[in-house]
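In: Quick one, structure for this:
(chains A and B)
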Amino acid sequence: DVKVTQSSRYLVKRTGEKVFLECVQDMDHENMFWYRQDPGLGLRLIYFSYDVKMKEKGDIPEGYSVSREKKERFSLILESASTNQTSMYLCASRFTENTEAFFGQGTRLTVV
Amino acid sequence: AQKVTQAQTEISVVEKEDVTLDCVYETRDTTYYLFWYKQPPSGELVFLIRRNSFDEQNEISGRYSWNFQKSTSSFNFTITASQVVDSAVYFCARTPGAGSYQLTFGKGTKLSVIP
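Out: Residues are numbered from 1 along each chain as shown, chains lettered A, B, ... in the order given. Sure thing, here's the model as predicted:
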């Protein structure tokens, strides 16, 4: 079974902290994604990566950056966390553009 | 970004009723891919179906069926004889044409099946 693992299920951080959300997949997938999910807004794409060291902005990249140094790992970075970044963050991976994506269990981040 | 629209925010049905969830997408591409996902109360997204733009055949899987119509840019999902276990948020998603990797979701439709 494909497994996408996010490092934390719940996180509480203070305003201004640098926050790292880690995601690892074990199926050699090319594409990886970071979304945030908020009530009434669905899943909004923050960043995605189609290869090691390659990244593209999604619909809401402001305040975030990403890193993909190895194929299996895709990190989301909040350089200076703010309260409006309190959300559920979902990582996903898939083989190519015409295959389904597999999701991690999500990280609920609270910024206080 | 080309949108995926799920106009129904919330739907409630009584168990055993049929229900259709609508999905309309924007596209400028001739090749693209469409998906449906289910997010039960436990939270993890579960893949249901994939459809590519050059295959307009409808699909049936048990109580689930999907109607893809390119002419109206719609990819609707019907649950027949709904059950309480079908209660979830359902998302429609799209990837643009070949060589593009972005996966864009609609806002989701929350389905509540009442016993």
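
In: Around residue 32, how many other residues sit close by?
Out: All of this refers to chain A. Look at residue A:32: counted by other Cβ atoms under 10 Å in any protein chain shown, it has 28 neighbours. Placement of C-beta: from N, CA and C, glycine included.

In: Chain B was what I was after
Out: By other Cβ under 10 Å, neighbour count at residue B:32 equals 22.

In: Quick one: residues contacting it.
Out: B:25, B:52, B:53, B:94, B:95, B:96, B:97 (Cβ atoms under 8 Å, 6 or more residues apart in numbering or on different chains).

In: Mind putting those residues into a markdown table with distance to chain A, secondary structure and neighbour count?
Out: Output for the contacts of residue B:32, formatted as a markdown table (distance: Cβ to the nearest Cβ, whole Å; DSSP: H, G, I helix; E, B strand; the rest coil; neighbours: other Cβ atoms under 10 Å in any protein chain shown):
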| residue | distance to chain A | secondary structure | neighbour count |
| --- | --- | --- | --- |
| B:25 | 14 | strand | 20 |
| B:52 | 6 | strand | 14 |
| B:53 | 10 | coil | 17 |
| B:94 | 10 | strand | 25 |
| B:95 | 5 | strand | 25 |
| B:96 | 8 | coil | 20 |
| B:97 | 8 | coil | 14 |
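
In: If I look at the residue of chain B found nearest chain A, what pLDDT would I see?
Out: Closest to chain A within chain B is residue B:107: 3.5 Å, counting by Cβ to the nearest Cβ. If you check residue B:107, the pLDDT there is 96.

In: correct me, but it touches residue A:41?
Out: Yes - here residue B:107 reaches residue A:41: they are 6.3 Å apart, a contact under Cβ atoms under 8 Å.

In: So the residue of chain B closest to chain A: helix, strand or coil?
Out: The three-state assignment at residue B:107 reads coil, by DSSP: H, G, I helix; E, B strand; the rest coil.

In: mind listing the strands for chain A?
Out: For chain A, the strands defined by DSSP state E cover A:4-6, A:10-13, A:19-25, A:31-38, A:42-51, A:54-57, A:64-70, A:73-78, A:87-94, A:102-103, A:107-111.

In: actually chain B, sorry about that
Out: B:4-5, B:10-14, B:19-21, B:24-25, B:33-39, B:46-52, B:59-61, B:64-69, B:74-79, B:88-95, B:104-105, B:109-114.

In: Is residue A:16 in contact with residue A:80, as I believe?
Out: Yes - at 5.4 Å, residue A:16 counts as touching residue A:80 under the criterion of Cβ under 8 Å.

In: For the chain, which residues score under the pLDDT cut-off?
Out: Looking at chain A here, since you left the chain open. Residues of chain A that meet the criterion pLDDT under 70 lie in A:1-2.

In: Actually, chain B is the one I wanted.
Out: For chain B, applying pLDDT under 70 flags the ranges B:1, B:98.

In: Good, wrapping up.
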